[in-house]
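Colleague: kindly generate the corresponding structure for this input.
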Amino acid sequence: MSSPTRKRRPTAARRSPARRRPRRPGKRRQRADDRLIAFLVAAALAVALVVAIVNWLLAHWWILIVLGALAVLAGGGWLYQQQQKARWEAVRAQGLRYELSQLDALHHSGFEDAVRGLMRRDGCPNAVRVGGGGDLGADVKATDPYGRHWVIQCKHRRNGIAGSPVGTPDLQVLNGTARQVHGADVAVIVTNGRVTAPAVAFAKQQRLHVVDRHTLAVWAAGSRPVWELLRAVPPPRRPTAHS
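Modeller: Numbers count the residues shown, from 1 in each chain. This next block holds a predicted model:
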């Protein structure tokens, strides 16, 4: 008899190897990608903004001209102020001083030179002496740091305070030519002597300025420029470092 067949046990189904789950990108890489995207978006927006501004300026080209002109004016004004400041410091450093006794001892032409020198000391490098025959009442001309044109008539008295006073006729000559002929903004008469009361009244009436012996002493001492010693001087023509 044949041996009974053995029942075969069902073979257990072989387990399939577990599938590996795909790894998610790391957080650092994710953040780097986010930053790169943000940078690219910002760069694109910046480029678009620049292109829009350029196109707008090209369409409104006159604005560029205005801005350029303003920049040139601002730069020129700043440079001019620096130059004026440097000139003022230079002339102040020279320390030009006069005592009244020195001025009294001068010849009338030397007195005019002294007045010109004082104007230069105060920051008027273009001050010139034009006194002489046919000067039409202008012995010294100058332009101050504020752009004002000065016409000065000098009346020297050898005897100083004891000499003959400056009267109304002297001021009438200055009043008739300073503005009409010489284009003065400030018309001044300077003397080392006295000035009569009617002459002072006439000067105030006609908007003339008088530098008498007392004012001359303060001015020549060098503590203050002449336009700070006179009343009712016209306002500056242009702004400067001293205004």
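
Colleague: where does this structure have its least confident helix or strand?
Modeller: Least confident helix or strand of the chain, by mean pLDDT, DSSP states H and E, is helix 61-94 with a mean of 78.

Colleague: spell out which residues make up each domain of the protein.
Modeller: Using automatic domain parsing, the domain parsing of the chain gives 29-92, 97-228.

Colleague: quick one: those as JSON lines, columns for distance to residue 237 and mean neighbour count too.
Modeller: C-beta: built from backbone N, CA, C; applies to glycine. Shown next, in JSON lines, are the domains of the chain (distance: least, CB to CB, whole Å; neighbours: other CB atoms under 10 Å):
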{"stretch": "domain 29-92", "distance to residue 237": "13", "mean neighbour count": "11"}
{"stretch": "domain 97-228", "distance to residue 237": "3", "mean neighbour count": "18"}
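
Colleague: without its sequence neighbours, what residue ends up closest to residue 192?
Modeller: Excluding the flanking residues, the one nearest residue 192 by CB to CB, 6 or more residues apart in numbering is residue 103, at 5.0 Å.

Colleague: should've said residue 183
Modeller: residue 149 is the one closest to residue 183 (CB to CB, 6+ apart), at 5.9 Å.

Colleague: wait, doesn't the one you found sit right on residue 184?
Modeller: Yes: counting by CB atoms under 8 Å, residue 149 does reach residue 184; the two are 5.5 Å apart.

Colleague: now stretch 160-172: mean pLDDT?
Modeller: The pLDDT scores in stretch 160-172 average 93.

Colleague: can you tell me how far the residue nearest the centre of the chain sits from residue 75?
Modeller: Nearest to the geometric centre of the chain sits residue 81, at 3.6 Å (CA atoms, centre = their mean). According to CB to CB, to the nearest Å, residue 81 and residue 75 sit 11 Å apart.

Colleague: and residue 150, by the same measure?
Modeller: When distance is defined by CB to CB, residue 150 is 28 Å away from residue 75.
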